[in-house]
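1. I would like to see how this sequence folds:
(3 chains)
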Amino acid sequence: MTQVHEMSDIPVAGTRRAGHRGVDRVLIPFLAPAIALMTLVLVFPSAFTVLLSLVDWRGPGAPMEWVGIDNYTSLWTSRAFRVSFTNTLVLVFLGGAGIFAVVFFSLMVLRGMRGAGFIRSVIFVPYIISPIAIGAALGFLLNPQGGLNTLLDTVGLERLQRAWLAPEMVFQMIVIGLVWSVSGFYIAIVATGTDQIPPYLYEEAELAGASRWKQFWLITVPLSWESVSVASTLWIITGMKTFEIVIAFVGSQSSPPLQARTAAVQQYLATTGGPEGVPQLGRAAAVGIAIFVVTTVLVLILQRVMRRERIELS
Amino acid sequence: MTATIPVQAISDDAPPPTRRPRRWTARPGSFAMPNPIKMLLWIWVVFNIFMAVWVGLNALKTDREIFGAPFGLPASPQWDNFVTAWSLSGFGGAALNSAVVVALSAVLTIAIAAPAAYVISRSHRRLAALAKTYVALCVALPVQTILVPLFIARSEVRAFAIEYLFGWWDDRITLVFIYIATSLPFSVFLLTAAFASLPTSLNEAAEMDGASPLDTFARIMVPVAWPGIKSALVLNALNMWNETLLVLVLIPDPSQQTLPAALLRLYGTMQYNSNWGGLFAGIVILIYPVLVLYLWVGRRIMEGLTSGATK
Amino acid sequence: MFRKSRIGLTGAVVALAGVLALSGCGTRFQDDAGDDPTVQQDVTLTYWAAWSEGEPQQVIMDAIIEDFTAETGVEVDVQYMGRQVTQSLINALATGEGPDLFDAGTRNIMDFQARGFLADLDPLLDREVPGEGVPVSETIADSVIESSQADGKLAILPTYINSNAIWFNAGRFPELRETPPQTWDELIALFDEHKAQGLVPIGADGTVSGYNVFWIFQSLVQLGGPGTMRELAEDTANWDAPEVLEAAKRVQQLVEGGYLDDTYMGSKYPDAQNRWANDEYSFMLNGSYMGGETTDQQAEGFEADTFLFPGEGDNQVIEVTANGLAVSADTEEMDAALDFLSYAAKSDHQTLWSTEAGFIGARSDVEPPASLISLYEHIQQADPDQVTGAHDLAAATHPQWWNDIFLPANDALFSGELTAEAFIARGKEDTATFLGSDG
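-> Predicted structure coming up:
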């Protein structure tokens, strides 16, 4: 890294003047409603959840028994929780890698491509469809004698046929299904940044002989850094809560197979007690707190990694 | 803070850039990857369209056909499936519930989130920084974490409203409140980025013209940040439209529930009675209008999203 | 200008809230008068049903309610809330907002009883079924009454029964009606015979862990008696019992014997049962509801029928899971509620569960659907000591152990990932951790 050029023909508004006294005057009235509502509906109940995580409670009507941190210690010794938590992390990192690979590669080729708007719209569609509907349809597709295997059979690829939803495969299918259904959304979020990049930057890079690949890493990524950061934060948060798609894939007849469970599924099982059981609300609360803590840590790490000077074009 | 654009590599081996007419011809040095990626993207598109058509076809099949020939055409279209699904699902009332609840919640969320996001992005007070951290923590909070307290609170709110306030209450109002509160952190988060990206010169100009802070916000900042606000609105509305868990827990009365709950109930009914054609018909009734709406305003949704956080 | 109007509005809201708070403190809009039980014509019972609009069960309940209201003048305010009702129900009953009547069954009455939700229905047993001259108790078999009790008291009026058995097509294998296998070895011999003929003996929707568990459940209770599976959650020593190893070995034998097809673990409900109905598998061990669920899928000449999972020696344990109507412990209309249940117990009404919904009716003289006759007869004759509930009540009594330990371990056994010995080692280890952290 030798020198950093200030490109003279790009107006850059970077310096912020201290003391917007005007803004400060409305600070409290503008913040109050949002902060009040979040406190009332999100923060107070979470405090109650923290309390709940210290008791053994089957829900309203049942006695509450103080157990201290037992709910937490039992999480670490429980095989089901360890597996589900590992799954969640794998899903966040591997699924995240998949999603952002899709995002970057598509944004790289979509720029200036014919039908780009159409492709982006159609890839976005699964995101607006109810996961229940998606799960029902995919289930029919992935059955042993369902759509996919039938297709493989007709094109002569019988040896690729699998029991796609069997324990050893089902989690991979869920990750792929998730990447399929949410990538369009993250493309849209990251595109909020890339669409703002003035085309002449690319034209100039083109003239300078920079390859698409180079243009992407040197123009697209840095200039859409803010939106990449927003998108990856969002992904960590939503990824850590992954729930519906698992239920949609394996159905709700019974507890999902251990191999397919995420931490949020584990929490759901404890909240409801499973299809026939009774709620274990203290334990459910402990799982919820664990998810929250890990999410927060991951988001903080991400913010640190992604932090860099904001680039502002005006 | 200083802002620079790290395009040094480009400018290192290039003469100082000057504007030239647009030219997209591939150069010999171009990276060869894009073509296979383009093809994969088209396969993706075809798959999505195929899924939509396939669900539509299954809705017209008998149960035997659905399982026997996954890709076959229906021998004779079973329009009855739609009649069954419609009459059993209660989609009509549920659609109305969804529309009202989602519209109210989505608009109110933005109305509360935008001012907060604006001051967080602009103020240098410690309080604003604290608020930003507070919001960030709330974003990470999974809604499942607070499900049980919310349920208990729901009963309390209901009892309190009926006995002491109005003599009447509707759980859908509770749902709207909770939708707003649960969407707020994400909205503030997104809108903070949108406002932050606006040039500070706008504020300065407005203040120099003697506009009050409220005027500056309502007359200048909101219109300029409108694309970002619109995208937050659309995202919230989409999330609320598909939200299932809170509806199920907070609204016991089926006639007051929204579409996803109605679909789940229909799923149960169809599954226990093994009417799979009816299930697919229900899915079609639910998603085809959304698809049509999406095709119709789709560009605008995508615009709303893509003109998002940074104007 | 903006500021001013804002303050005005805020002021108004604060003032309004204050007024409401002040006026609200003393007076309630809804007062609690009208507890006078003598005004019979004003009685309304509320009922939250676990059925959805359009299901046969909904049609049946509507018929019962209509008849009841016409006869007694008591209104029933019914809400068909679907199967998601349970969560709302628990919360509502606990906060005193619950209905007078709700659906419950063997699977949850123990929990409901522990929470104090259930009215004691023993008085119902002595009530006369309207117009029939016999008490309710005489219309229902002992094994069914046994399954409808919690803490030794009647908790529900049973309306229909679930059980599980081995399903087969009697149109294709008629001889099995008369001579079903009587022992495990005979059952395996039967499977071998089918396999030798090139048939796939067993079908399974392996993605449903609650179905995979039927094989070990049946093996355990036949070898060790009712409660054998449930007790595995209660003491690690119970895992050492020889019958537990024997039961696990049976499941291993099924997996290793090649009686299932290659992809059973990836089969999503209801694919396998539909294929069974299409004669692609000979047998399925599944709930008594499976015949009804597959009616539309059944091949030409298909006659769904069942035989019991073979017993062991004198043991012939049978699952009897009763489903029916419960009354809230908080109800203020106990008398009307009991009236309603006695109406629901009438022959015309109880018959509907068989004729309309395709279940085994709880009432002894209700003739079940043809496919369930043999199972019905076994239930009627069952010794109450040889009766267990759904999943040996393990799911109902130890939900966390069931979901987190037993079902996953059994999936591993049933998929062939674990041998019988490894299954027991893992089950024992996980149960020890569970008990250690739980106790």
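2. Spit out the contact partners of residue C:105.
-> C:156, C:162, C:321-324 (C-beta atoms under 8 Å, 6 or more residues apart in numbering or on different chains). All C-beta spots, glycine's among them, are computed from the backbone N, C-alpha and C.
3. Farthest-apart pair in those residues, please.
-> C:156 and C:162 (13.3 Å; C-beta to C-beta).
4. Compare neighbour counts for these two and give me the winner.
-> residue C:156 (28 against 20; other C-beta atoms under 10 Å in any protein chain shown).
5. quick one, strands of chain C?
-> For chain C, applying DSSP state E gives strands covering C:44-49, C:75-80, C:101-105, C:149-150, C:153-154, C:157-162, C:164-169, C:200-202, C:281-287, C:304-307, C:318-319, C:321-327, C:360-361, C:387-388.
6. Mean pLDDT and distance to residue C:343 added to these, as a markdown table?
-> Below are the strands of chain C laid out as a markdown table (pLDDT from 0 to 100; distance: least, C-beta to C-beta, whole Å):
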| stretch | mean pLDDT | distance to residue C:343 |
| --- | --- | --- |
| strand C:44-49 | 94 | 11 |
| strand C:75-80 | 92 | 10 |
| strand C:101-105 | 94 | 12 |
| strand C:149-150 | 92 | 22 |
| strand C:153-154 | 95 | 17 |
| strand C:157-162 | 95 | 10 |
| strand C:164-169 | 96 | 31 |
| strand C:200-202 | 97 | 44 |
| strand C:281-287 | 96 | 29 |
| strand C:304-307 | 96 | 32 |
| strand C:318-319 | 95 | 29 |
| strand C:321-327 | 95 | 11 |
| strand C:360-361 | 94 | 16 |
| strand C:387-388 | 92 | 27 |
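7. Return the set of buried residues in stretch C:340-354.
-> Of the residues in stretch C:340-354, C:340-346, C:349-354 count as buried by neighbour count, 16 or more other C-beta atoms under 10 Å in any protein chain shown.
8. Chain A: which of the contacts of residue C:105 is nearest?
-> Using C-beta to the nearest C-beta, residue C:321 is the member of the contacts of residue C:105 that sits closest to chain A, with 9.9 Å.
9. Next up, the contacts around the closest one.
-> Taking C-beta under 8 Å, 6+ apart, one finds C:105-107, C:147, C:161-163, C:389-390 in contact with residue C:321.
10. Weed out the non-buried ones from these.
-> Among the contacts of residue C:321, the ones that count as buried by 16+ other C-beta under 10 Å are C:105-107, C:147, C:161-163, C:389-390.
11. Is it possible to get JSON lines of those that adds distance to residue B:168?
-> Output for these, formatted as JSON lines (distance: C-beta to C-beta, whole Å):
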{"residue": "C:105", "distance to residue B:168": "35"}
{"residue": "C:106", "distance to residue B:168": "40"}
{"residue": "C:107", "distance to residue B:168": "37"}
{"residue": "C:147", "distance to residue B:168": "43"}
{"residue": "C:161", "distance to residue B:168": "43"}
{"residue": "C:162", "distance to residue B:168": "41"}
{"residue": "C:163", "distance to residue B:168": "47"}
{"residue": "C:389", "distance to residue B:168": "43"}
{"residue": "C:390", "distance to residue B:168": "41"}
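12. got the residues of the stretch 51-200 of chain B near chain C?
-> Counting by C-beta under 8 Å from any C-beta of the partner chain, the residues of the stretch 51-200 of chain B close to chain C are B:62-64, B:67-68, B:84, B:87-88, B:90, B:151-152, B:155, B:159, B:162-167.
13. Among the residues you listed, which are located in helices?
-> B:63-64, B:67-68, B:84, B:87-88, B:151-152, B:155, B:159 (DSSP state H).
14. Those residues: which two are farthest apart?
-> The most widely separated members of those, counting by C-beta to C-beta, are B:68 and B:159 (53.5 Å).
15. so where's the stretch 201-311 of chain B uncertain?
-> Along the stretch 201-311 of chain B, segments meeting pLDDT under 70 span B:297-311.
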